[in-house]
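Trainee: Kindly generate the corresponding structure for this input.
(chains A, B, C and D)
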Protein chains: 4
Amino acid sequence: MRAVTFQAPGEVRVEEKPEPELLAPDDALVAVEATGICGSDLHIYHGRVQIEPGFTIGHEYVGRVLAVGDQVTRVKEGDRVLGCFLTACGTCFFCLRGEYHKCDFSRVFGHGSGLGSLQGAQAERLLVPRANLTLRAVPEGMGADVALFAGDVAGTAYHAVRSTKLEPGETAGVLGPVGLMAVQVARASGAAAVYAVDSVEERLAMAESFGAIPIHLTEQDPRAEIKRATGGRGLDVVVDAVGHPEALDMAIRLARKAGRLSATGVYAERCEVHMGLVWIKSLRIESGQANVIAHVDPVMELLAAGILDPSPIVTHHMGLDDAVEGYAIYDRREALKIVLTP
Amino acid sequence: MRAVTFQAPGEVRVEEKPEPELLAPDDALVAVEATGICGSDLHIYHGRVQIEPGFTIGHEYVGRVLAVGDQVTRVKEGDRVLGCFLTACGTCFFCLRGEYHKCDFSRVFGHGSGLGSLQGAQAERLLVPRANLTLRAVPEGMGADVALFAGDVAGTAYHAVRSTKLEPGETAGVLGPVGLMAVQVARASGAAAVYAVDSVEERLAMAESFGAIPIHLTEQDPRAEIKRATGGRGLDVVVDAVGHPEALDMAIRLARKAGRLSATGVYAERCEVHMGLVWIKSLRIESGQANVIAHVDPVMELLAAGILDPSPIVTHHMGLDDAVEGYAIYDRREALKIVLTP
Amino acid sequence: MRAVTFQAPGEVRVEEKPEPELLAPDDALVAVEATGICGSDLHIYHGRVQIEPGFTIGHEYVGRVLAVGDQVTRVKEGDRVLGCFLTACGTCFFCLRGEYHKCDFSRVFGHGSGLGSLQGAQAERLLVPRANLTLRAVPEGMGADVALFAGDVAGTAYHAVRSTKLEPGETAGVLGPVGLMAVQVARASGAAAVYAVDSVEERLAMAESFGAIPIHLTEQDPRAEIKRATGGRGLDVVVDAVGHPEALDMAIRLARKAGRLSATGVYAERCEVHMGLVWIKSLRIESGQANVIAHVDPVMELLAAGILDPSPIVTHHMGLDDAVEGYAIYDRREALKIVLTP
Amino acid sequence: MRAVTFQAPGEVRVEEKPEPELLAPDDALVAVEATGICGSDLHIYHGRVQIEPGFTIGHEYVGRVLAVGDQVTRVKEGDRVLGCFLTACGTCFFCLRGEYHKCDFSRVFGHGSGLGSLQGAQAERLLVPRANLTLRAVPEGMGADVALFAGDVAGTAYHAVRSTKLEPGETAGVLGPVGLMAVQVARASGAAAVYAVDSVEERLAMAESFGAIPIHLTEQDPRAEIKRATGGRGLDVVVDAVGHPEALDMAIRLARKAGRLSATGVYAERCEVHMGLVWIKSLRIESGQANVIAHVDPVMELLAAGILDPSPIVTHHMGLDDAVEGYAIYDRREALKIVLTP
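Mentor: Numbering: from 1, shown residues only, chains lettered A, B, ... in the order given. This next block holds a predicted model:
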């Protein structure tokens, strides 16, 4: 079968790979219908996340079940399905507490041996372990451009917003381009106002079309705007979907006293944090990767109901064979989301 | 000033009453702009809630602040304001925990000496104790038909839905006509589907216009409908906005295992409850009057943002002098909500 | 092997049964070291819960792992283990939310085909499906009389108390004899005072030795005692460990306004509930069987630390061969807990 | 009356000050029976917190009510009372949500005009505004050395531990000397094990006597010890009671994946935080000053029940006239807690 593989920093390739086969009784085999190129794929592309040359990449996918092991109960052969970007064991200390994202045996699709040696989804066919946890049937009539998001981007946005325990009638801020879906989740959570802070006009326009009040990071003064809009009080919750010290600093400043922050954007290193402000404002900060397995059911429901609609984010559709060009486009930041079809 | 007073079961009167005056430093004096007739006013009208003849009734109001004591900080003279249907002391055991609805010194407007001897809002002017807790400035441009709901009906709906901890993407059921606003709050909370069960076509149509899926109590089989719609699982949360054993029974049956119920409708007596089902389904039931003081800020934000819009519920506008006719109409169930203007 | 089987109401028998064998890759085979006779065994004994004649009963056990399937990771051959009274699938809608007690494929040991056809633990050897979920290694030095409780009685007490969200410094009431462990959990949760209401002197004395303030159900007036002890306010939380309308009524009356109730005692039918009081006091009631799989880790930690110590509850030790006599003694209410050793 | 006043960095003085008088209807006048010297007094003493020369300092106190305004309902003349270290307005946005520590009109005793111009408690008599919120009657028989802690140190420990939502059976770490009471609260919350990390033998010995497992910061390797004790997993919750980047770093490292941190120790500036670890471990951090007003009732209950007992922490009793010597001793770190009696 054809698959997109990592070769070297800046180089991916579409090549022939052996067909995957069922290995365990809770495995499923999926024929990929559509697969996304994601920001974390770019980390691999840039060599910042190191994986083995020849490893198939990709972790966002919609497909059809070709075969299942005999312990698979939640989907069956022939089902059109959506998959999460990772699997979990389901029985370790963390899984038993519903913290599937911190599973001791977590495996991420398309991230090499460092994250569980799970071949990626940018391929014609995919082996999916722990299918009961990570696969869900796609409701009748839901397009791949919608379903695709449930297992990663929308699940992450759901996690980011819900971890702040945003209540209807509160105000929210969302920092960064990855936060477009977080704007939608915040609106779906009943936020009376959602402020989207970004530096790119087009993305701000899209955030506005999703119901946010756009604030330009550099052409406006976000702190002054929020101060004015909230009578000086600040926002009840802020989502840092960037993962940069300046974004965290902004989030800390935009939050009200006793506000709640979600630091969802990826942090990989030490950085300076204004703990003095965090302390004096009595903030709560929740960080880390999203628990998409825990959220995939409600996220699918929200997508099915049209309450979340990520389809405007998909700017490019390409064939799997055009993946090399796809990565190049994405790398030049000319696309918000590219969907490949095998 | 003119005021609507209770005289005897089935008899109210518009009569002249003395002007109220500021008594305490946290009092406010409000000129009433609009005041609603509510279901609980009907309990007084019917003599089921006993109050003194001549007592001014009414507890829903919008108005303008005429004067404030020197400890009133949250509103000022001249402000257009919305008031909650009750006051609280702010410092007892319960208030300190934010349980203002269970305040040891709670007083309800227009409910006689049994509930704190607070003359009612169906009058030209109103004395409002603990103004910091119960009054809020009405945002620019918000109509009385909208603001009026924040202090009672919308606050109650908010309480009912939020006490179930409904999460975005879950499913909700709302039983009973008082639940029209609960439908809106459930939608605002991100419910993927809200099922409204009622027996009156017009109200079901309104529930549908608010985003609910209508189910006719007698012409359809609510249990079968919910079973079918949820693949046999049942609803994540159910709001019993009726307050009748049959409604509670329905709520218990419509809920999924480990579901959450809000028994917001008024219960006054012992009744039969299927505790066997409650136990085997591991349900959680939260009951009681709404904590509107705790919710008035977010509710006002939701109204201001247009996320909640109760105005379609107002079916009748009348002058305060027509209150006698208003009560008669309401008693004949010809109106959903009557707003009186002095 | 020898096993205790149900024959007819009032008749159990120790008989020879075939040895169990591993059937699935997540099964474990356990040599039983000790097994308890529990109140729910008595329901079977009395014929109130109907099971097939010849079915092995019992669901509380400690033992040693003889063999495991290749997907069993949390225990290994040779481990001394404690088991929960039920299993769960680990991947259904409910399991994914951590609601293992409401698993769509839940199976209870020793309860016949109605609850999953899982042969019981009052036997020399036991087949344990889903071993990763329901088995835990017993810490070095912990006696069987202690460990045995983790999978049922102590887990149930933990569930009952924690579902009330009792905070340190609050007050708790525990109704009924099954609540002896709930007294310990309430103390472990930091209850400033725990009131144990019961009608048997010996059990009240034991509750007192566990840190409770004993109140005799009939020789004292529980409502008056609690009123006096709490300055008229009532208790923050109340656990009904009885499962009888009068107990629920008492729980409702002993609770403070906005108090939280756990109706853990088994309810099987409709009964009269004072919903008027539940409403006016704004109570929250959480009901149902305990989620012991979710709690088994912290419960084992509390037992290992000696914070919970159920061993005084064990009044009788007998051989498995004496099970017939054991059931007779238990049926005459001469024992609090009987432990059988094969 | 005599009072301890700040004069200049390193210089306090006992001098004659005018008697305080009731100013508002919710004021109380208290004759101080005992007053503590606290770590934050030392910040004033060192000039790190700047206040006006001649301002009376101190914010921990027990006393007897001499007079109350007519809105004071929770204590009365003659009551022996305990006071919180700060007051709150009770009606602002934050107070209405129970976030009294972030009140827009918060005032701290003995901290000069920067924090509300409230003369301190190290004096013969004290004016207490908002008495309903900040004063509580001391239960019969409770010593001043116990009650004194409820309004500051024990309330802070309660806040620190409870903000982590520690559940019975979980494990906790407490960093720093201020955490001695946090050890007790963690034990009272049912922690199966509490690890106290400190660098002073005497304090470690006291922590051990409070039920903690002591770990010497420099003579042992805390990370290795915790790793060993938890099978490599780390602690469920960690309280940083230090307020130093190295402590926060330690807390981050000792926590398990998806663990919860309380950064209660005072942070005043920017500092380096290992956000990479915070992200990869999916930690939640809650920071800031304690909400002692919200916690004073349960803390008093825990003290009254003897579940918390801070009295061993009091190492010195001195007369108010010896305050100059008291500050010098405390500054030389020769005392854990000094109590002054006028």
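
Trainee: Touching, residue A:137 and residue A:77? I think so.
Mentor: No: contact between residue A:137 and residue A:77 fails when scored by Cβ atoms under 8 Å: they sit 11.9 Å apart. For glycine as for every other residue, the C-beta is placed from the backbone atoms N, C-alpha and C.

Trainee: Pick out whichever of those two has more residues nearby.
Mentor: Between residue A:137 and residue A:77, counted using other Cβ atoms under 10 Å in any protein chain shown, the more crowded position is residue A:137 (16 against 12).

Trainee: Provide a list of residues in contact with that one.
Mentor: Residues in contact with residue A:137, defined by Cβ atoms under 8 Å, 6 or more residues apart in numbering or on different chains, are A:74, A:75, A:79, A:80, A:81.

Trainee: quick one: which of the residues you listed is nearest chain C?
Mentor: Lowest distance from chain C to the contacts of residue A:137 (Cβ to the nearest Cβ) belongs to residue A:74, with 6.5 Å.

Trainee: Rebuild the contacts of residue A:137 as JSON lines, extending it with neighbour count.
Mentor: Formatted as JSON lines, the entries for those read as follows, by neighbours: other Cβ atoms under 10 Å in any protein chain shown:
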{"residue": "A:74", "neighbour count": "21"}
{"residue": "A:75", "neighbour count": "23"}
{"residue": "A:79", "neighbour count": "17"}
{"residue": "A:80", "neighbour count": "19"}
{"residue": "A:81", "neighbour count": "26"}
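
Trainee: Inside strands: which ones of the residues you listed?
Mentor: Secondary structure assignment (DSSP state E) places A:80, A:81 from the contacts of residue A:137 within strands.

Trainee: out of the contacts of residue A:137, who's near chain C?
Mentor: With the criterion set as Cβ under 8 Å from any Cβ of the partner chain, the members of the contacts of residue A:137 near chain C are residue A:74.

Trainee: so can I have CSV of the contacts of residue A:137 showing distance to residue A:324 and pLDDT?
Mentor: As requested, the contacts of residue A:137 are exported to CSV (distance: Cβ to Cβ, whole Å; pLDDT from 0 to 100):
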residue, distance to residue A:324, pLDDT
A:74, 35, 95
A:75, 32, 97
A:79, 31, 98
A:80, 28, 98
A:81, 27, 98
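
Trainee: right, and the pair among the contacts of residue A:137 with maximum separation?
Mentor: The largest distance within the contacts of residue A:137, taken as Cβ to Cβ, falls between A:74 and A:80 and amounts to 13.6 Å.

Trainee: Contact residues of chain A facing chain D?
Mentor: Proximity of chain A to chain D (Cβ under 8 Å from any Cβ) is limited to residues A:93-94, A:97, A:99, A:101-102, A:233, A:243, A:245, A:248, A:257-258, A:263, A:266-276, A:278-289.

Trainee: In strands only, show me those.
Mentor: Under the assignment DSSP E, the residues of chain A next to chain D contribute A:257, A:258, A:263, A:271, A:272, A:273, A:284, A:285, A:286, A:287 to strands.

Trainee: how many other residues sit next to the fourth one?
Mentor: Put plainly, it is residue A:271. Taking other Cβ under 10 Å as the neighbour definition, residue A:271 ends up with a count of 17.

Trainee: repeat for the second one
Mentor: Under the neighbour criterion other Cβ under 10 Å, residue A:258 is assigned a count of 21.

Trainee: so it touches residue D:102, yeah?
Mentor: Yes: using Cβ under 8 Å, residue A:258 is in contact with residue D:102, at 4.9 Å.

Trainee: Overlap of the contact sets of those two?
Mentor: Residues touching both residue A:258 and residue D:102 comprise A:281, A:282, D:94, D:288, with contact defined as Cβ under 8 Å, 6+ apart.

Trainee: Name the nearest residue to the first one, sequence neighbours excluded.
Mentor: The shortest distance from residue A:281 to any residue other than its chain neighbours is 5.0 Å, reached at residue A:257 (Cβ to Cβ, 6 or more residues apart in numbering or on different chains).

Trainee: pull the CA atoms of the worst-scoring helix or strand of chain A on mean pLDDT into PDB?
Mentor: One helix or strand of chain A scores below all others by mean pLDDT, DSSP states H and E: helix A:39-45, with a mean of 92. The C-alpha atoms that make up helix A:39-45 are tabulated as PDB, following Å, rounded to 0.1, in the frame of the first residue of the first chain:
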ATOM      1  CA  GLY A  39       1.000  21.000  13.300                       C
ATOM      2  CA  SER A  40       2.700  18.200  15.100                       C
ATOM      3  CA  ASP A  41       3.400  16.500  11.800                       C
ATOM      4  CA  LEU A  42       5.400  19.600  11.000                       C
ATOM      5  CA  HIS A  43       7.500  19.100  14.100                       C
ATOM      6  CA  ILE A  44       8.500  15.700  12.700                       C
ATOM      7  CA  TYR A  45       9.000  17.300   9.200                       C
END
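
Trainee: Contacts made by that helix with the rest, please.
Mentor: With contacts defined as Cβ under 8 Å, 6+ apart, helix A:39-45 is touched by A:6, A:9-10, A:12, A:49, A:51, A:57-59, A:110-112, A:178, A:327, A:330-331.

Trainee: Give the buried residues for that helix.
Mentor: When burial is assessed from 16 or more other Cβ atoms under 10 Å in any protein chain shown, helix A:39-45 yields the following buried residues: A:40, A:41, A:44, A:45.

Trainee: How far off centre is that helix?
Mentor: Its chain's C-alpha centre and that of helix A:39-45 lie 13 Å apart, by Cα atoms, centre = their mean, to the nearest Å.

Trainee: ok, the helix or strand that it is followed by: who's next to it in the sheet?
Mentor: In the C-terminal direction, the helix or strand that comes right after helix A:39-45 (DSSP states H and E) is strand A:60-68. Looking at strand A:60-68 with DSSP bridges, its partner strands are strand A:28-37 (antiparallel), strand A:80-83 (antiparallel).

Trainee: Pick the most buried one from the ones you listed.
Mentor: With neighbours defined as mean count of other Cβ atoms under 10 Å in any protein chain shown, the strands paired with strand A:60-68 peak in mean count at strand A:80-83, which reaches a mean of 26.

Trainee: Tell me the helix or strand right after that one.
Mentor: Toward the C-terminus, strand A:80-83 is succeeded by strand A:86-87 as the next helix or strand (DSSP H and E).

Trainee: How far off centre is that following strand?
Mentor: Using Cα atoms, centre = their mean, the offset of strand A:86-87 from its chain centre is 13 Å.

Trainee: Repeat that for stretch A:223-231.
Mentor: Average the C-alpha atoms of stretch A:223-231, do the same for its chain, and the two points are 29 Å apart (Cα atoms, centre = their mean).

Trainee: And for stretch A:46-54?
Mentor: 20 Å.

Trainee: Just the C-alpha atoms of stretch A:110-121, please, in PDB.
Mentor: Taking C-alpha atoms only, stretch A:110-121 is exported to PDB below (Å, rounded to 0.1, in the frame of the first residue of the first chain):
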ATOM      1  CA  GLY A 110       2.900   8.200  13.300                       C
ATOM      2  CA  HIS A 111       5.400   9.300  15.900                       C
ATOM      3  CA  GLY A 112       8.100   6.500  15.600                       C
ATOM      4  CA  SER A 113       9.400   4.200  18.300                       C
ATOM      5  CA  GLY A 114       9.700   7.000  20.900                       C
ATOM      6  CA  LEU A 115       5.900   7.100  21.200                       C
ATOM      7  CA  GLY A 116       4.900   3.500  20.800                       C
ATOM      8  CA  SER A 117       6.000   2.400  17.200                       C
ATOM      9  CA  LEU A 118       2.600   2.900  15.700                       C
ATOM     10  CA  GLN A 119       2.600   3.400  12.000                       C
ATOM     11  CA  GLY A 120       0.900   6.500  10.900                       C
ATOM     12  CA  ALA A 121      -2.500   7.300   9.200                       C
END
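
Trainee: Many thanks, we can stop here.
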